[in-house]
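Colleague: Turn this into a model:
(chains A and B)
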Amino acid sequence: MARVAIKVSIVGDKEMLRKLERVASDKGMRKEARAALNEVADPMVEEMKADTPVKTGRLQRSERKRVMVSSKKEDMRISLIAGGGPEDIRYAARVHETHKTKSKFMEKTLLRHKGTLGGELAAKIDLRRAAGA
Amino acid sequence: MSTWYLGLQPLQEPFDVGPDENGRALYSFNFLALKRPSPTFVQEILAVLEAAGVGQRGVDLFGTSQVAVPGPEIAGPFLVVRSTGGSAPLGTHNDGSGAYRQPSAQFLVHGRDGVATEVMAQAAFSALLALRNQAVSA
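Modeller: Now for the predicted structure:
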């Protein structure tokens, strides 16, 4: 119950899917993709923090991101995380789902970016640089 | 009037949020819909749940805009659907920029009996997962 988990799938355009196919199979590409994911995720974390109800600030401080590029399949992930962390925050899910402000800080951030995330990511993955050209 | 639903995407599995303000068990989950425009989203969702036998509107299925949520004297389980915004509309060439809408909804299941509450949450979740390429009437 410490964390909130929300999964949003993205149906990308053809250009993004082609890039993802190349990214998954090459180490240099995966490094480039990880950098692009971090670049796209940083503003999302800031938006999530801005939408979070603040009483002590501990929940807001616990909010962070994790990015993952799989080497085995065509899978790239941005995880937004609230709760847990060094202060072991256990009320993130409760605040997210039932707080009187109805802020749903994580879900709203993800859904706001859902439509544009694929394009943003594709724009940031420089295939020539990743291939060392 | 019926509305065409392409599907409902779950944002997570039903999970235990912890007791509500009246000490009842509380389970939550969220869905993102992909559908044609309509002014009765919450009522359409309630109709799907009712048709699947999850409950009955006004008895143990509630939309917060229509009915007051049962007070502490009600043991439940009962389910409350709340519209929570969602994602931007999708356009098509023929129908313009608002051809498909992506509203989201939160489902909160309250009940004194934790097992019955979870069972109702899972039943509602399964009923909504099954909704795909279907017309729904409010």
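Colleague: By average pLDDT, which secondary structure element in chain B comes out worst?
Modeller: The weakest-scoring helix or strand in chain B, judged by mean pLDDT, DSSP states H and E, is strand B:87-92 (a mean of 86).
Colleague: most residues in a single strand of chain B, which one?
Modeller: Using DSSP state E to define each element, chain B has its longest strand at strand B:25-35.
Colleague: Could you point out the helix or strand that follows it?
Modeller: As assigned by DSSP states H and E, the chain's next helix or strand after strand B:25-35 is helix B:41-51.
Colleague: could you give the angle of that next one to strand B:25-35?
Modeller: 110 degrees (axes from the mean of the first three to the mean of the last three CA atoms, to 10 degrees).
Colleague: What helices and strands are in contact with helix B:41-51?
Modeller: strand B:25-35, strand B:61-63, strand B:78-83, strand B:104-111, helix B:114-129, strand B:132-137 (3 or more CB pairs under 8 Å, 6 or more residues apart in numbering or on different chains; DSSP states H and E). In this view, the C-beta of every residue, glycine as well, is placed from N, C-alpha and C.
Colleague: Okay, buried residues for the longest one please.
Modeller: Along helix B:114-129, the positions that meet the burial threshold by neighbour count (16 or more other CB atoms under 10 Å in any protein chain shown) are B:Thr117, B:Glu118, B:Met120, B:Ala121, B:Gln122, B:Ala123, B:Ala124, B:Phe125, B:Ala127, B:Leu128.
Colleague: Mean confidence (pLDDT) on it, please.
Modeller: Model confidence over helix B:114-129, given as mean pLDDT, is 95.
Colleague: Can you tell me how far the residue nearest the centre of chain A is from chain B?
Modeller: With distances taken as CA atoms, centre = their mean, A:Ile78 lies nearest the centre of chain A, 2.9 Å away. Remark: distance between A:Ile78 and chain B (CB to the nearest CB, to the nearest Å) = 15 Å.
Colleague: backbone phi and psi for A:Leu80, please?
Modeller: phi -90, psi 130 (degrees, to the nearest 10).
Colleague: Pretty sure it sits against A:Asp42.
Modeller: No - with contact defined as CB atoms under 8 Å, A:Leu80 does not reach A:Asp42; the gap is 11.1 Å.
Colleague: rewinding a little: what helices or strands is the longest strand of chain B leaning on?
Modeller: Using 3+ CB pairs under 8 Å, 6+ apart, strand B:25-35 is in contact with helix A:92-98, strand B:2-10, strand B:15-16, helix B:41-51, strand B:96-102, strand B:104-111, helix B:114-129.
Colleague: try 7 Å
Modeller: Helices and strands touching strand B:25-35, by 3 or more CB pairs under 7 Å, 6 or more residues apart in numbering or on different chains; DSSP states H and E, are strand B:2-10, strand B:15-16, strand B:96-102, strand B:104-111, helix B:114-129.
Colleague: tell me the mean pLDDT for it?
Modeller: Mean predicted lDDT for strand B:25-35 stands at 93.
Colleague: cool, and stretch A:83-93?
Modeller: In this model, stretch A:83-93 has a mean pLDDT of 88.
Colleague: Flag the shaky bits of chain A, pLDDT-wise.
Modeller: A:1-5, A:7-25, A:72-74, A:126-133 (pLDDT under 70).
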